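[1] just to be clear, the model below is a prediction. Sequence and coordinates:
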Amino acid sequence: MSGIHKGDPILEVRGLTVDVQGRRILDGLDLTVRAGEVHAIMGPNGAGKSTLSQVLAGRPDYEVKAGSVRYRGEDLLALPAEERARRGLFLGFQYPVEIPGVNNVYLLKAALNARRRQRGESEVDAFEFLALVRDKMKLMQMDESFLSRGVNEGFSGGEKKRNEILQMSVLEPTLAILDETDSGLDIDALKVVAQGVNSLRRDDRAIVLVTHYQRLLDYIVPDQVHVLAGGRILKSGDRSLALELERRGYDWVREGGAAA
Amino acid sequence: MATPPNQLDDLVSQQYRHGFVTDIDADTLPPGLDEDVIRLISRKKQEPSFLLEWRLKAFRHWLTMREPHWAHVRYAPIDYQAISYFSAPKTNKDGPKSLDEVDPKLLATYDKLGVPLHERARLAGVAVDAVFDSVSVATTFKARLAEAGVIFCPFSDAVREHPELVERYLGSVVPTTDNFYAALNSAVFSDGSFVYVPKGVRSPMELSTYFRINEAKTGQFERTLIVADEGSYVSYLEGCSAPQRDENQLHAAVVELVALDDAQIKYSTVQNWYPGDENGVGGIYNFVTKRGECRGRNSRISWTQVETGSAITWKYPSCVLLGDHSVGEFYSVAVANHRQQADTGTKMIHVGRNTRSTIVSKGISAGRAQNTYRGLVKVLPSADGARNYTQCDSLLMGSECGAHTYPYVEVKNPTATLEHEATTSKIGEDQLFYCLQRGLSAEDAINMIVGGFCKSVFKELPMEFAVEAQNLLAVSLEGAVG
């Protein structure tokens, strides 16, 4: 349906160099992610993990100094944030914001319709949409009251993260970048979130997990693990790399601890 | 013009029918204000002597007053002698002859707001054709109101047809000496609206419906008086969400509401006068005194306002809670964009026992605008068990605008309970980016965020207007965030 096949390149980052407020955060980063794959990007605090997520999603205030990013062959950096989203790039936020007074369902429906318009599909009506959301909510173990609440308004940390995955499941992205989705979650919430993500693994979809801890990878097993430090990928490997990292710490890969 | 002129006259300016039969064009006085001008106004309007005396008293007091400057607004000095205080209703000679002559920008705005076609011409100041479509509608409304016993007419008609009601209630809430602009208004007011709802009657319709069709060029010194007799209910909506063409710069209106035992008045305002351009050139100065008195037991007055227009707004719809167990409410959304200045809020004066008041104020500032909430909650010694809840929220868009909050509290009764909550937030880059990342356009995202912020006020508006108010906000904030 999507015309994407397992193994097609979804994201190709080459030499990406980014400054934030005059400071170099990413410094020649390379990364290739293909359809059907789950990648984990790990790294110490301040390594540039969140910057990478935000730059890919198109947040302003990040100055791309050099390098290129292709998304399904298209120049991603030339697109504004909303266009990237409509083309199937989804960012699961580390800190999902509260938008008081705006209904969860309202935002989600607007988001889905923006995506559908982009694909040349008709907008969903309220009934279809509610049925769809109710279905997905079961998966994320969210109760009905969620429907009438404001966007992330008064949500616990766990609820916010579950809401992100719920949105992902409704929007059916081609590339999902989940930024520290595991942070602040207790083990039960983590399991629910991981289960949700696992159910969304598909041959025509790529998922990038950005995380500080290996713990998440016990539940979502990645195809590739990358270590990001000092603004670039220092080491890539399979799942065993994450376990080794946990044992030996990030200093093991960091060249003499140069990165702050 | 093909349509008989007397129909238009009936609808738009009832003065024609009642005596302004001659020399319409000559009825504009040269600028300037003295007692002779006031006598002339009163004579032209064939007013009873009590009203002339009342006007003169107001004028003499006004001469002793000084223009107030405590509000957080700035403007060039106003020359009160340069204003013409009596002007017959403008004829279509001044205005555009058809919609083709109207600024396309204005028409585009009507389109966005969903203003019905037949109303656009009237709003744009086209005094022909389109207006006539509404004649029969207005007549039907009038008949329905009359059947219920509700009096709803131009103020000058009320002076002639119901002088006893006018004399009893005029100035009983806002005395002529109240403040500089109220005194000026009392001296020179041209016209306005009068509503009387008899005992036990529930007005059969939102008075807005009729008002929207009937109101035109009510002038810069408008006077409104609404009296709800025992056990009655009325909902009145002033204004219109579409921008009004208007040449007057200074507007100083007075609105008085009186609610007797068990009566309820719901007064909603959607104000969208010309705010001036992006650089602050032009625009209306809106200096209004609005006050309601809950005179009877268990009476209730609710003010709901959505203020997006005017260059300067100076306005504090207030409630005096005299009757025991009476309730005052104020729900406000004030938007200031570009170089607009708004200083608005409310006063809740608790006099009776167990009186309750609620204040919910939402201020939105964008561009280089300054938006001020100024409120007073006063509990007198007699007001045992008085309660107030106040919530003031400010939303800032961009870094060059300002939000200011001045909540004043005077409590002279120890049994009173007051709660106050206040927040100031920036329309977050984070909120905006979150929505963009979900595929919404920046414009939709801002409308959604602002709509959410104002939700608790919009739900107080009559339903059909809540939608328009939301559209209006969208138009007012266009281009507020790049």
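    Now that the structure is in, tell me what you want to look at.
[2] list the contacts for A:Leu241?
    A:225, A:227, A:235 (CB atoms under 8 Å, 6 or more residues apart in numbering or on different chains). All C-beta atoms are positioned from the backbone trio N, CA, C, and that covers glycine.
[3] which ones among the residues you listed are found in strands?
    The strands, defined by DSSP state E, take in A:225, A:227, A:235 from the contacts of A:Leu241.
[4] for B:Pro462, give its distance to A:Val55.
    47 Å (CB to CB, to the nearest Å).
[5] the more surrounded of those two?
    A:Val55 (24 against 17; other CB atoms under 10 Å in any protein chain shown).
[6] quick one: pLDDT of the nearest residue to the more buried one once chain neighbours are set aside?
    Sequence neighbours aside, A:Tyr62 is the residue nearest to A:Val55 in space, at 4.9 Å (criterion: CB to CB, 6 or more residues apart in numbering or on different chains). On the pLDDT scale, A:Tyr62 is placed at 89.
[7] same check, this time on the one 4 residues further on
    Reading off the per-residue confidence, A:Ala66 sits at a pLDDT of 96.
[8] could you pull up the residues touching the closest residue to B:Ser441 other than its chain neighbours?
    Computed as CB to CB, 6+ apart, the closest residue to B:Ser441 that is not its neighbour in sequence is A:Glu82, at 5.9 Å. For A:Glu82, the contact set (CB under 8 Å, 6+ apart) comprises A:114, B:436-437, B:439-442.
[9] got a list of what the closest residue to B:Leu380 other than its chain neighbours touches?
    For B:Leu380, ignoring the flanking residues on the chain, the nearest one in space by CB to CB, 6+ apart is B:Val351 at 5.1 Å. Residues in contact with B:Val351 (CB under 8 Å, 6+ apart) are B:320-322, B:380, B:382-383.
[10] quick check: B:Val351 vs B:Ser232, distance?
    Counting by CB to CB - B:Val351 and B:Ser232 are separated by 22 Å.
[11] among the contacts of B:Val351, who's most crowded?
    Neighbour-wise, these (other CB under 10 Å) top out at B:Leu321, 32 neighbours.
[12] partners of it in the sheet?
    B:Cys294, B:His350 (DSSP bridges).
[13] okay but it is in contact with B:Ser357, surely?
    Yes - using CB atoms under 8 Å, B:Leu321 makes contact with B:Ser357 at a distance of 6.6 Å.
[14] chain B contacts on the stretch 1-150 of chain A?
    Residues of the stretch 1-150 of chain A lying close to chain B by CB under 8 Å from any CB of the partner chain are A:57-61, A:80-82, A:84-86, A:90-91, A:93, A:95-97, A:99-103, A:106-108, A:110-111, A:114-115, A:118, A:150.
[15] just the buried ones from those, in PyMOL syntax?
    Buried subset of the residues of the stretch 1-150 of chain A next to chain B, written as a PyMOL selection, criterion 16 or more other CB atoms under 10 Å in any protein chain shown:
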select buried, chain A and resi 57+58+59+81+82+84+85+86+90+91+93+96+97+99+100+101+102+103+106+107+108+110+111+114+115+150
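[16] mark which of the residues of the stretch 1-150 of chain A next to chain B are part of helices, please.
    A:57, A:81-82, A:84-86, A:106-108, A:110-111, A:114-115, A:118 (DSSP state H).
[17] between those, which is nearest B:Arg374?
    Lowest distance from B:Arg374 to those (CB to CB) belongs to A:Tyr106, with 33.2 Å.
[18] relative to B:Glu164, how far out is the closest one?
    53 Å.
[19] thinking again about what came up before, what residues are shared contacts of B:Leu321 and B:Ser357?
    B:327-328, B:348, B:350, B:386.
[20] okay, those in CSV with secondary structure next?
    Below are those laid out as CSV (DSSP: H, G, I helix; E, B strand; the rest coil):
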residue, secondary structure
B:Val327, strand
B:Gly328, strand
B:Met348, strand
B:His350, strand
B:Ala386, coil
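[21] neighbour-wise, which of those residues leads?
    With neighbours taken as other CB under 10 Å, the top of the shared contacts of B:Leu321 and B:Ser357 is B:His350, carrying 32 neighbours.
[22] how about the closest residue to chain B within the stretch 51-200 of chain A: what's its closest non-neighbour residue?
    With CB to the nearest CB, the shortest gap between the stretch 51-200 of chain A and chain B falls at A:Gly101, namely 3.0 Å. Leaving out its chain neighbours, the residue that sits closest to A:Gly101 by CB to CB, 6+ apart is B:Gly452, at 3.0 Å.
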